[in-house]
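Engineer: pasting the sequence and the predicted model now:
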Amino acid sequence: MIRLLLFGKIGQLGWELRRTLAPLGEVICLDYPEVDFTHPETLPGIVEQAAPQVIINAVAYTAVDQAESQVDMARLINATATGVLAEQALKHKAALIHYSTDYVFDGRKGEAYQEADHPNPLNVYGQTKLEGEQAIQQVGGAYAILRTSWVYSTRQGGFVTKVLQWARQQAVLRMVTDQVSKPTWARLLAEVNAQLVAMAGDDPYGWLAQRAGLYHLAGGGVASRYDWAQAILANDPRPAEQTVQALQPALTNEFPTPAERPLYSVLDCSRFTRTFGLALPDWRVTLSLAMEN
Ligand SMILES: NC(=O)c1ccc[n+]([C@@H]2O[C@H](COP(=O)([O-])OP(=O)(O)OC[C@H]3O[C@@H](n4cnc5c(N)ncnc54)[C@H](OP(=O)(O)O)[C@@H]3O)[C@@H](O)[C@H]2O)c1
């Protein structure tokens, strides 16, 4: 049994990690306000006291539009605090698992992105997440940076729950067809994370040091927001409650937002599969599992 320190226990992913990591050992779970990533100077004491063999960081500033006007806070949480965690992980010989995003790319490549592709974030969130990745890479040690995309859960205010809510309030739903990526169920992402920790055995630092790096890990297949919304409506466990009569295609530029988003941010996840022998299933299969009653 090993000691794990999980940062971010109530976010979409952290909530699932708390469950999937539980059988692997003693899991110390922290979230705001027990830990505040806007005060990175507090992190060394927390890590020292927890003395973990594995640190998993599911904390992030994820409010993509708000980040445009809260640059300093987004940077403190996504970049500065992440760098401090990497230093502490190295110092205490703990393996570090951290999450990043498809929004490090500008979406202009026109085909799936590989880990070696040049990042070019279009917004503050993507820029600060990229800085977090770079901070970890500069420190080194035993780390996995898992870039993922369109993370959803059926229990909090993400895309799936919003679409279900709008479908009960509106007659017409308009969804963009030109934002394309890979929907990723937080629970399966957390399952894969737990499998990595299990594979690492009783020497997670040594095991991950041999495989340290950046990996893409997202749901199988490719979807537009329109495709995704259509599948959510089709899997609605209570369709009789829907007021929506029509789902109509739209374009991103019809909905101006403070943050620009990449249009085609599909991640090629083959490196992860080659290295660890695991892959997330097709997003449609996963969505129907996630929405089953
Ligand atoms: N959601 C997506 O579509 C998506 C896509 C690609 C990558 N990712 C990445 O995947 C990871 C998990 O994302 P998620 O969707 O689970 O995010 P989330 O639901 O927004 O959870 C983020 C967590 O960070 C915590 N947090 C925020 N500010 C904090 C602070 N100052 N100090 C301590 N904790 C703080 C939040 O706590 P509170 O709830 O108390 O604020 C929450 O528990 C992140 O690294 C994210 O960048 C997400």
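Structural biologist: The structure has been received and is ready for your questions.
Engineer: next to the ligand, which bits of this protein? Give me the list.
Structural biologist: Selection of the chain residues close to the ligand by Cβ under 6 Å from any ligand atom yields 8, 10-14, 31-32, 35-38, 58-62, 77, 99, 101, 129, 148-151. (Glycine included, C-beta is placed from N, CA and C.)
Engineer: in PyMOL, how would I select the buried members of the residues you listed?
Structural biologist: To isolate the buried ones among the residues of the chain next to the ligand in PyMOL, judged by 16 or more other Cβ atoms under 10 Å, type:
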select buried, resi 8+11+12+13+14+31+35+36+37+58+59+60+61+62+77+99+101+129+148+149+150+151
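Engineer: where along the protein do the helices fall?
Structural biologist: Applying DSSP state H to the chain gives helices spanning 12-20, 43-50, 71-75, 81-91, 124-139, 159-166, 186-200, 204-209, 225-234, 270-276, 283-291.
Engineer: mind putting these into TSV with mean pLDDT?
Structural biologist: Shown next, in TSV, are the helices of the chain (pLDDT from 0 to 100):
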stretch	mean pLDDT
helix 12-20	96
helix 43-50	97
helix 71-75	98
helix 81-91	98
helix 124-139	98
helix 159-166	95
helix 186-200	97
helix 204-209	97
helix 225-234	97
helix 270-276	98
helix 283-291	96
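Engineer: same list (the ones you listed) but as a markdown table, adding distance to Y113.
Structural biologist: A markdown table is the format used below for those (distance: least, Cβ to Cβ, whole Å):
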| stretch | distance to Y113 |
| --- | --- |
| helix 12-20 | 21 |
| helix 43-50 | 30 |
| helix 71-75 | 22 |
| helix 81-91 | 21 |
| helix 124-139 | 13 |
| helix 159-166 | 21 |
| helix 186-200 | 18 |
| helix 204-209 | 23 |
| helix 225-234 | 18 |
| helix 270-276 | 11 |
| helix 283-291 | 17 |
